[in-house]
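Undergrad: Starting from these lines, generate the structure:
(2 chains)
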Number of protein chains: 2
Amino acid sequence: MRALFSTALHVGDAAAFSRLVRARRSAGFLDPARPVPPGVIEELVSLTARAPSGFNMQPYRIVMVTDPRARERVACTMLGAANAGRVRDAPLVAVFAADLRSAESVGEVQEMEAAAGGKSPSYLRELPFAVSAFSGSTGGCGELRGAAVGALTSLVGVPLPPFGVPGVAWAYKQTALAAMTYVYAATSKGLATRMMEGLDPGRAADAVGLPAPRFSVPVVVVSGYEVEPQPGGDAPPSPRRVKGVFFRDSAAAGGSSFS
Amino acid sequence: MRALFSTALHVGDAAAFSRLVRARRSAGFLDPARPVPPGVIEELVSLTARAPSGFNMQPYRIVMVTDPRARERVACTMLGAANAGRVRDAPLVAVFAADLRSAESVGEVQEMEAAAGGKSPSYLRELPFAVSAFSGSTGGCGELRGAAVGALTSLVGVPLPPFGVPGVAWAYKQTALAAMTYVYAATSKGLATRMMEGLDPGRAADAVGLPAPRFSVPVVVVSGYEVEPQPGGDAPPSPRRVKGVFFRDSAAAGGSSFS
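TA: Sure, this is the predicted structure:
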């Protein structure tokens, strides 16, 4: 039965991902008249849903906006006319909204994990406390966080989360993992994308029916097909810093940087 | 000259990425005796460096830890013995440290972008103000942020970042984009990975020579080759929520959820 859930890669898959990473760039102008087929959107959802998240909590909502009026509502929350115009013209706008009260979903995740099997009873029992500590939110009971600290203390015997890191940073981190997965998935299907963060995070959430302050949008991704000929389409890839950013073993003085 | 910087995908690259996403799962036990070849690590760095980031700031440092003593230092910052053990046994631990004072690198990024071309003089001029607003850090002058608000106000005429979102959330978001890229790159090269956030973010940064509080680690990724036979290697993929997480056009009551 080893092949039942086989997820073996094929020869050439590494080269394919390398092409994908190098093909991805911030899109120029998207063709408003060329929609993304519904089947492609379904596949993007299916792949994006496989992104990892802390405690498998998926602490976000992701809204695939194609309706022009809905796009207009999102456009109005962008900073500046150029950003608003990009959202208006994109046939597909993926809105990634972080859930700052994700602990409210912990019961649902516990049930899902219990049904799937593969997690120990103690994992499932301690999940609310762990999620509470990292997310800075509780599942309805304001005293849960205090309980979380107590429970984790006995478990780990070391300083405890959140270590001064606010829950919004945890939720933004998880949401970014999904957004990055979405962008590579879209690129693999021949879509041009542009990750955009020049927006009002609370108003952008409200625009897709996700009330702030519970929801906050770290990024929207405009997606579609570039207008031909692509302005800048022949441009060299954007530059990157490697030296001073990537290190071997330590970044301390005397450490070795990649270059 | 269209082919000069050609980044065309090949037939089958979408299927390859789909396999990659479905092959990725949180690794079980890694073989401490089987190192990741240096050439593979170089390729991982090269691909991870292509991850997008806000204003191309790359507001992070990424440390590829293979030296056993360096791994031990990181292990000591993990929450709990199980997490520490995973870091100890992993032949490669990629430590992703967010830079909470990334505006200090803005001069370097301005120079790089100017040398590469493709950005307008006004973009380059306004970069420090934009980075200051989003990152919550300044390039050495404490009054720059006030100036940023003034400059952006005249530019956009709408409410301004950071909209109450702390700079750490911005930096964590960017760092997660790089970490997700790393994980898919590693998976594509046959490595098993496990994203881990059960750690003290400041102590983990200190452990790789990046002093807190400037640096804060949202995630480390243990990487290597799983011990055979892989415990759980035939297990079904972990479950995910799609219904109630992914929506069409709006998540408001009456909106349509994917399922």
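Undergrad: Next, report how far the lengthiest strand in chain A is displaced from the centre of its chain.
TA: For chain A, the longest strand by residue count, based on DSSP state E, is strand A:215-224. When C-alpha coordinates are averaged (CA atoms, centre = their mean, to the nearest Å), strand A:215-224 and its chain have centres 9 Å apart.
Undergrad: Show me what that strand is packed against.
TA: Helices and strands touching strand A:215-224, by 3 or more CB pairs under 8 Å, 6 or more residues apart in numbering or on different chains; DSSP states H and E, are helix A:81-89, strand A:92-99, helix A:167-188, strand A:192-196, helix A:201-207, helix B:167-188. For glycine as for every other residue, the C-beta is placed from the backbone atoms N, C-alpha and C.
Undergrad: can you put those in JSON lines and add distance to residue A:118, mean neighbour count and mean pLDDT?
TA: Below are the helices and strands packed on strand A:215-224 laid out as JSON lines (distance: least, CB to CB, whole Å; neighbours: other CB atoms under 10 Å in any protein chain shown; pLDDT from 0 to 100):
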{"stretch": "helix A:81-89", "distance to residue A:118": "40", "mean neighbour count": "18", "mean pLDDT": "95"}
{"stretch": "strand A:92-99", "distance to residue A:118": "24", "mean neighbour count": "27", "mean pLDDT": "98"}
{"stretch": "helix A:167-188", "distance to residue A:118": "20", "mean neighbour count": "27", "mean pLDDT": "98"}
{"stretch": "strand A:192-196", "distance to residue A:118": "33", "mean neighbour count": "23", "mean pLDDT": "97"}
{"stretch": "helix A:201-207", "distance to residue A:118": "33", "mean neighbour count": "24", "mean pLDDT": "97"}
{"stretch": "helix B:167-188", "distance to residue A:118": "20", "mean neighbour count": "27", "mean pLDDT": "98"}
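Undergrad: Format those as JSON lines; extra columns: distance to residue A:122.
TA: Listed next are those as JSON lines, based on distance: least, CB to CB, whole Å:
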{"stretch": "helix A:81-89", "distance to residue A:122": "46"}
{"stretch": "strand A:92-99", "distance to residue A:122": "25"}
{"stretch": "helix A:167-188", "distance to residue A:122": "22"}
{"stretch": "strand A:192-196", "distance to residue A:122": "39"}
{"stretch": "helix A:201-207", "distance to residue A:122": "35"}
{"stretch": "helix B:167-188", "distance to residue A:122": "27"}
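Undergrad: ok so, going back, tell me the strands beside the longest strand of chain A, with direction?
TA: strand A:92-99 (antiparallel), strand A:192-196 (antiparallel) (DSSP bridges).
Undergrad: average pLDDT across it?
TA: In this model, strand A:215-224 carries a mean pLDDT of 98.
Undergrad: now the angle from that strand to helix A:81-89?
TA: Strand A:215-224 runs at 70 degrees relative to helix A:81-89, counting by axes from the mean of the first three to the mean of the last three CA atoms, to 10 degrees.
Undergrad: so strand A:215-224 versus helix B:167-188, what angle?
TA: 50 degrees.
Undergrad: Just the buried positions in strand A:215-224, please.
TA: By 16 or more other CB atoms under 10 Å in any protein chain shown, the buried positions in strand A:215-224 come out as A:215, A:216, A:217, A:218, A:219, A:220, A:221, A:222, A:223, A:224.
Undergrad: Would you tell me what the next helix or strand after that strand is?
TA: Going down the chain from strand A:215-224, the next helix or strand is strand A:246-248, by DSSP states H and E.
Undergrad: show me where pLDDT drops low in chain A?
TA: Scanning chain A with the threshold set as pLDDT under 70 gives A:1-7, A:139-160, A:229-234.
Undergrad: same thing but 50
TA: A:1-5, A:141-144, A:146, A:153-157 (pLDDT under 50).
Undergrad: who touches residue A:259 in this structure?
TA: By CB atoms under 8 Å, 6 or more residues apart in numbering or on different chains, residue A:259 lies in contact with A:242, A:243.
Undergrad: That one belongs to a strand, doesn't it?
TA: No - going by DSSP: H, G, I helix; E, B strand; the rest coil, the assignment for residue A:259 is coil, not a strand.
Undergrad: quick one: residue A:61 from residue A:171, how far?
TA: Distance, residue A:61 to residue A:171, by CB to CB, to the nearest Å: 11 Å.
Undergrad: and for the two, which residues touch both?
TA: With CB under 8 Å, 6+ apart, residue A:61 and residue A:171 have common neighbours residue A:99.
Undergrad: Run through the residues that contact residue A:75.
TA: Residue A:75 touches A:84, A:85, A:87, A:88, counting by CB under 8 Å, 6+ apart.
Undergrad: how about a cut-off of 10 Å?
TA: A:65, A:68, A:81, A:83-90, A:93, A:199, A:204, A:207, A:220 (CB atoms under 10 Å, 6 or more residues apart in numbering or on different chains).
Undergrad: With residue A:249 instead?
TA: Counted by CB under 10 Å, 6+ apart, residue A:249 has contacts A:255-256, B:63-67, B:69-71, B:73-74, B:93, B:95, B:208-209.
Undergrad: repeat that with 7 Å
TA: A:255, B:63, B:65, B:66, B:67, B:70 (CB atoms under 7 Å, 6 or more residues apart in numbering or on different chains).
Undergrad: Next, format those as CSV and append distance to residue A:46.
TA: CSV is the format used below for the contacts of residue A:249 (distance: CB to CB, whole Å):
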residue, distance to residue A:46
A:255, 41
B:63, 34
B:65, 34
B:66, 35
B:67, 40
B:70, 39
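Undergrad: Most neighbours among these, which one?
TA: Most neighbours among the contacts of residue A:249, by other CB atoms under 10 Å in any protein chain shown: residue B:63, with 30 neighbours.
Undergrad: Give me the three-state assignment for that one.
TA: strand.
Undergrad: What is the burial count for the one residue in the stretch 1-150 of chain A that gets nearest to chain B?
TA: Using CB to the nearest CB, the closest approach of the stretch 1-150 of chain A to chain B is made by residue A:16 at 3.5 Å. When neighbours are counted by other CB under 10 Å, residue A:16 registers 23.
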